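# pasting the structure only:
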């Protein structure tokens, strides 16, 4: 609840600041020392409101809200100036004064949009910096993974070579054992034959 109140109270404050400029001296754009200070303070406040609106509502929603505030406040200002022209001193040249007040409102609203734009740019720059850091980390991880995979491939090749060598050695030992057994069998058979022959001669 507090979040929504804060998000929608700032656009209301922006509209109030824009509307408040209607009650300042009509020669505000002459830029005397005092006039400039008041105008500068209003501009800074509108800029800060735009900054906060963009931060809380985002560029698209915040932009629509600020545009709606500018249009609404400008229309209300025009109606009030028409109906209370004596208070605003607009007896003569009513159209020019309406344009002057409207420009005042639009200029302050533009300061709010400017604040939104600056906040958006700063936010995007921070996101770019974060993304660059993530890319560096991913590149480092990729290099490390490549090194680890190369090490694993070398280890696998060494193990495979050891297995092949062990298999070849086992095969050679088996062949030698077979040859030895065959040789011993042949010798044993030859010995048996000689014994049989000698036995037959004795008979």
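Yep, that arrived. Given the structure is predicted, the values throughout are model-derived calculations rather than measurements. Residues are numbered from 1 along each chain as shown.

# Which strands or helices does the helix or strand that residue 155 is a member of pack on?
Element membership for residue 155, per DSSP states H and E: helix 94-202. Helices and strands touching helix 94-202, by 3 or more CB pairs under 8 Å, 6 or more residues apart in numbering; DSSP states H and E, are helix 2-20, helix 33-57, helix 59-83, helix 85-88. (C-beta placed from N, C-alpha, C; glycine too.)

# Now render those helices as a markdown table, adding mean neighbour count, distance to residue 146 and mean pLDDT.
A markdown table is the format used below for the helices and strands packed on helix 94-202 (neighbours: other CB atoms under 10 Å; distance: least, CB to CB, whole Å; pLDDT from 0 to 100):
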| stretch | mean neighbour count | distance to residue 146 | mean pLDDT |
| --- | --- | --- | --- |
| helix 2-20 | 16 | 46 | 77 |
| helix 33-57 | 18 | 41 | 83 |
| helix 59-83 | 17 | 40 | 87 |
| helix 85-88 | 13 | 74 | 67 |
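
# thought residue 81 was touching residue 102?
No - counting by CB atoms under 8 Å, residue 81 stays clear of residue 102, with 9.2 Å between them.

# that older thread, tell me the average confidence for the helix holding residue 155?
Averaged over helix 94-202, pLDDT sits at 84.

# and it with helix 33-57, angle?
30 degrees (axes from the mean of the first three to the mean of the last three CA atoms, to 10 degrees).

# Pull the number of nearby residues for residue 96.
By other CB atoms under 10 Å, 10 other residues sit near residue 96.

# From residue 54, how far off is residue 121?
Note on residue 121: its distance to residue 54, by CB to CB, to the nearest Å, is 10 Å.

# Format the helices and strands packed on helix 94-202 as a markdown table; extra columns: distance to residue 178.
Formatted as a markdown table, those follow (distance: least, CB to CB, whole Å):
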| stretch | distance to residue 178 |
| --- | --- |
| helix 2-20 | 86 |
| helix 33-57 | 85 |
| helix 59-83 | 84 |
| helix 85-88 | 119 |
